[in-house]
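*Asks:* Here's a sequence, model it:
(one chain, ligands or ions: 3)
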Amino acid sequence: MNKIQNILKDYGLRLTPNREAILNYIIEKNHAVSNSDVEQTFVDMDRVTIYRTLNTFMKKGIIHEIADGTNASKYAICSEKCSVHEHHDEHVHFRCSKCNKTTCIDTISIPNIQLPEGYIFEKSSYIISGVCKSCNKNI
Ligand SMILES: [Zn+2]
Ligand SMILES: [Zn+2]
Ligand SMILES: [Zn+2]
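*Replies:* Numbering: from 1, shown residues only. Ligands and ions are numbered 1, 2, ... in the order given. Model prediction:
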């Protein structure tokens, strides 16, 4: 069994060629991918299958959704702290204005924000935009 198959098994997912291919693709990218990135990579795959697979991965705590201020949601691999029950991806995301890639900066946590009385927290996102390490030619 390879690494990808082990991950699927660990999260209690049945092995299917589609799941293995999509998970492998997301893991190999070092930035977040959108639904349409996956569709364009796997042109032979049914769109509904792709959508469902991403949703399954999200529910299981394998990937998390990132709202980076663009129209399309992006997905990236979760940290090991995530599980079926809860996501713990309260980290900063960085969007590069040159390559348009969104990456997880999981070394920086989103600060705890105290909401005014009567407001109920659901989720937060913290996006920093700028120039990423690979586009920054000054280093
Ligand atoms: Zn997560
Ligand atoms: Zn960049
Ligand atoms: Zn992230």
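
*Asks:* Chain neighbours aside, what residue packs nearest to the residue nearest the centre of the chain?
*Replies:* With distances taken as CA atoms, centre = their mean, residue 76 lies nearest the centre of the chain, 1.9 Å away. Computed as CB to CB, 6 or more residues apart in numbering, the closest residue to residue 76 that is not its neighbour in sequence is residue 32, at 4.1 Å. Every residue, glycine included, has its C-beta placed from N, CA and C.

*Asks:* elements contacting the longest strand along the chain?
*Replies:* Longest strand in the chain, counting residues (DSSP state E): strand 102-109. The contact analysis (3 or more CB pairs under 8 Å, 6 or more residues apart in numbering; DSSP states H and E) places strand 102-109 against strand 74-77, strand 91-96.

*Asks:* mind listing what that strand pairs with, with the direction of each?
*Replies:* Partners of strand 102-109 in the sheet, by DSSP bridges, are strand 91-96 (antiparallel).

*Asks:* so residue 79 touches residue 90, yeah?
*Replies:* No - counting by CB atoms under 8 Å, residue 90 is not a contact partner of residue 79; they are 10.0 Å apart.

*Asks:* Looking at these two, which is more packed in?
*Replies:* residue 90 (17 against 14; other CB atoms under 10 Å).

*Asks:* before we move on, back to that, so does the longest strand of the chain get close to ligand 1?
*Replies:* No - judged by CB under 5 Å from the ion, strand 102-109 stays clear of ligand 1, getting no closer than 10.0 Å.

*Asks:* tell me the contacts of residue 125?
*Replies:* Applying CB atoms under 8 Å, 6 or more residues apart in numbering, we find residue 125 in contact with 66-68, 93.

*Asks:* which other helices and strands contact the helix or strand that the longest strand of the chain is followed by?
*Replies:* Following strand 102-109 in sequence order, the next helix or strand is strand 127-130 (DSSP states H and E). Packed against strand 127-130 by the contact rule (3+ CB pairs under 8 Å, 6+ apart) you find strand 91-96.
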